[in-house]
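Enquirer: Any chance you can model this:
(chains A, B, C and D)
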Number of protein chains: 2
Amino acid sequence: MPLATNDVRRFADLDDTDRAILSELAADGRLPNNALAERVGVAPSTCLTRTRALRERGAIRGFHAEVDPAAVGLPLQALVSVRLTAHERAAVDAFRARSVRLPGVVAVFHVAGAEDYVLHVRAASADALRDFVLDHLAVDPAVQHTQTSLIFEQARGMG
Amino acid sequence: MPLATNDVRRFADLDDTDRAILSELAADGRLPNNALAERVGVAPSTCLTRTRALRERGAIRGFHAEVDPAAVGLPLQALVSVRLTAHERAAVDAFRARSVRLPGVVAVFHVAGAEDYVLHVRAASADALRDFVLDHLAVDPAVQHTQTSLIFEQARGMG
DNA sequence: CATGAAACGAACACGGT
DNA sequence: ACCGTGTTCGTTTCATG
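Expert: Numbering: from 1, shown residues only, chains lettered A, B, ... in the order given. I've put the predicted structure just below:
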């Protein structure tokens, strides 16, 4: 089946007000609607309509709390580069589907270049990180090679 | 001065209810307090107290809208590995402080291993991505080498 | 398509258990 | 500490320009 991933209309008709709303909500996802309306310079009800439209268009994918990894007992983070044995579509898609469900996986990047995937993972300890790689990746016949880089520090940009 | 980065009390006294709240809010940051209370099995006022405490403890760092990069005109994403020329603390910290303020930077990871930093960046086009690397990284005397890997697809895990 | 007013529902502070 | 209640405030809908 053909994949219609090119939704051009997405950012074709994006107002200045829309961009302002996205920017404000990216910075503070719990900003009340009336406060948001005042910041972007429209009436609250108008702002609500805009925000709902952005949600339904897919411009806003969702709202999430940013949780301190250490608070949930996962103080360690790592980037794990993964090279697959085969590169057909089925094998690649299957690996992505599997990896996103693994415990501790924050994000999965399918990348171009020498490596196929980069996994952003959290772990409770160095042992747990090692176990994660060995038990879930190294044993996977689809995985040819992995390289784990511990994250010393992470900082968020502004997009 | 010594750096007190080991705040053990952070997850020393974390209730089962607290963990449930964090999990729910990570999945849906706009979940109303009374609905959240029902899901975790406490009274709304209790739930509000818990949530506020988690915020002030730093367990919840903030709330953010997840915005589709394509919607804001930045359809391309990449992971840029950066190796620095010097590895003294001052140089490393300075680079992090600079890189998080660069336009299009989503996240900055200071990693162990062959590379020093991995930058998660967004760009409007291949040209814009090239310009970003050349204008902001290649010209930086603190940067020895970079390697850019285009992101084909990104998926979020469940933590 | 944006606006204002009116009904609805949630957030917040208090006193009680 | 947790819970129920009342007040305050934000959200949502509808009618209108």
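
Enquirer: Can you give me the neighbour number for the residue nearest to residue A:80 when sequence neighbours are not counted?
Expert: In this structure, residue A:80 finds its nearest non-sequential neighbour in residue A:119, 4.3 Å apart by Cβ to Cβ, 6 or more residues apart in numbering or on different chains. Using the backbone N, CA and C atoms, a C-beta is placed for each residue, glycine as well. Burial of residue A:119, expressed as a neighbour count using other Cβ atoms under 10 Å in any protein chain shown, amounts to 25.

Enquirer: quick one: secondary structure of residue A:14?
Expert: Here residue A:14 is recorded as coil under DSSP: H, G, I helix; E, B strand; the rest coil.

Enquirer: ok, now residue A:140?
Expert: coil.

Enquirer: what's the pLDDT at it?
Expert: Note for residue A:140: predicted pLDDT of 97.

Enquirer: Which helix or strand lies directly C-terminal to the strand or helix carrying residue A:127?
Expert: In this assignment (DSSP states H and E), residue A:127 forms part of helix A:126-132. Next along the chain after helix A:126-132, taking DSSP H and E as the criterion, comes strand A:143-156.

Enquirer: what helices or strands is that next one leaning on?
Expert: Applying 3 or more Cβ pairs under 8 Å, 6 or more residues apart in numbering or on different chains; DSSP states H and E, one finds that strand A:143-156 contacts strand A:76-84, strand B:105-111.

Enquirer: can you tell me which of the ones you listed comes nearest to residue B:137?
Expert: Minimum separation from residue B:137 across those (Cβ to Cβ) falls at strand B:105-111, 10.6 Å.

Enquirer: Check which helices and strands that closest one is in contact with.
Expert: Partner elements for strand B:105-111 (3+ Cβ pairs under 8 Å, 6+ apart): strand A:143-156, helix B:89-99, strand B:117-123.

Enquirer: Close to DNA strand C: what parts of chain A are there?
Expert: A:15, A:17, A:42-46, A:49-50 (Cβ under 7 Å from any atom of the strand).

Enquirer: Now, these that are in strands?
Expert: Nothing among those maps onto strands, per DSSP state E.

Enquirer: From those residues, list the buried ones, please.
Expert: With burial judged by 16 or more other Cβ atoms under 10 Å in any protein chain shown, the buried subset of these is A:42, A:50.

Enquirer: pLDDT check: weakest of the residues of chain A next to DNA strand C?
Expert: residue A:15 (88).

Enquirer: how near is the nearest residue to that residue once chain neighbours are set aside to residue A:138?
Expert: Distances taken as Cβ to Cβ, 6+ apart place residue A:50 nearest to residue A:15, at 7.9 Å, with adjacent residues excluded. According to Cβ to Cβ, to the nearest Å, residue A:50 and residue A:138 sit 48 Å apart.

Enquirer: Name the residues that touch the longest helix anywhere in chain A?
Expert: Taking DSSP state H as the criterion, chain A has its longest helix at helix A:44-57. With contact meaning Cβ atoms under 8 Å, 6 or more residues apart in numbering or on different chains, helix A:44-57 is reached by A:10, A:15, A:17-18, A:21-22, A:25, A:33-34, A:36-37, A:40, A:42, A:60, B:71.

Enquirer: From these, list just the buried residues.
Expert: Listed as buried from the contacts of helix A:44-57 are A:10, A:18, A:21-22, A:25, A:36-37, A:40, A:42, A:60, B:71; burial here means 16+ other Cβ under 10 Å.

Enquirer: and among the helices and strands packed on strand B:105-111, the most buried is which?
Expert: Neighbour counts (mean count of other Cβ atoms under 10 Å in any protein chain shown) averaged over each of the helices and strands packed on strand B:105-111 peak at strand B:117-123, with a mean of 24.

Enquirer: now the angle from it to strand B:76-84?
Expert: 150 degrees (axes from the mean of the first three to the mean of the last three Cα atoms, to 10 degrees).

Enquirer: would CSV of the helices and strands packed on strand B:105-111 with distance to DNA strand D and mean pLDDT be doable?
Expert: Output for the helices and strands packed on strand B:105-111, formatted as CSV (distance: least, Cβ to the nearest atom of the strand, whole Å; pLDDT from 0 to 100):
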stretch, distance to DNA strand D, mean pLDDT
strand A:143-156, 24, 96
helix B:89-99, 34, 96
strand B:117-123, 28, 97
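
Enquirer: rewinding a little: can you put the helices and strands packed on strand A:143-156 in CSV and add mean neighbour count?
Expert: Listed next are the helices and strands packed on strand A:143-156 as CSV, based on neighbours: other Cβ atoms under 10 Å in any protein chain shown:
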stretch, mean neighbour count
strand A:76-84, 21
strand B:105-111, 21
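
Enquirer: Give me the spatial nearest neighbour of the residue most central in space within chain A, chain neighbours excluded.
Expert: Residue closest to the average C-alpha location in chain A (Cα atoms, centre = their mean): residue A:107, at 5.1 Å. Leaving out its chain neighbours, the residue that sits closest to residue A:107 by Cβ to Cβ, 6+ apart is residue A:120, at 4.3 Å.
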